[in-house]
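*Asks:* mind looking at a prediction? Sequence and model below.
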Amino acid sequence: MSETATATAPAHSSEDILAAVLKSVDDDKAEDVVQIDLRGRSDVADYMVICSGRSSRQVAAISEKLVDRLKQDFRLHSKMEGKETGDWVLIDTGDVIVHVFRPEVREFYQLEKMWLPGSAHRGA
């Protein structure tokens with residue numbers, strides 16, 4: 001079991017968590033959602049999701065709601081970094097890593113380019 005999940009949490013597949021992440025960010029109007037399959041390419045996680053919020057406030061809201069939903073639906077206690085500034089929030093669920101950016105910050109770091117070509121799928 002991953003370090004980010006509680007000992008009492010039932011086992012859920014990374015695909016279940018990915019689907020919940022994609023639904024949550026879509027519900028909260030995240031933009032330019034990209035999912036990247038990391039299986040066989042990284043031991044850190046199975047999937048990465050990258051998305052944008054239009055403002056620091058929206059980035060923080062998308063992130064907070066996602067963590068709350070994962071806790072409620074899966075009893076996952078995800079780690080979150082960067083919410084204070086709202087420029088780039090990292091959420092580690094164990095199996096799925098989520099990056100929520102302001103558009104300018106996302107453009108600056110171009111994180112997707114590290115994991116491409118051919119593995120990203122736009123849309124939720």
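*Replies:* Looks like it arrived, so ask away. Note that the coordinates shown come from a computational prediction; the quantities given were computed from them, not determined experimentally. Numbers count the residues shown, from 1 in each chain.
*Asks:* and the residue nearest to Glu81 when sequence neighbours are not counted, how close does it get to Phe101?
*Replies:* Of all residues not flanking Glu81 in the chain, Leu90 sits nearest, at 4.6 Å (C-beta to C-beta, 6 or more residues apart in numbering). To be clear about C-beta, it is placed using only N, CA and C from the backbone, and glycine gets the same treatment. Separation of Leu90 from Phe101 (C-beta to C-beta, to the nearest Å) stands at 10 Å.
*Asks:* who has more neighbours, these two?
*Replies:* Neighbour comparison, Leu90 and Phe101: the larger count goes to Phe101, with 25 against 16 (by other C-beta atoms under 10 Å).
*Asks:* okay, now Leu66: neighbour count?
*Replies:* Neighbourhood size, Leu66 [other C-beta under 10 Å]: 27.
*Asks:* per-residue confidence for it?
*Replies:* pLDDT, Leu66: 97.
*Asks:* alright, calling it a day.
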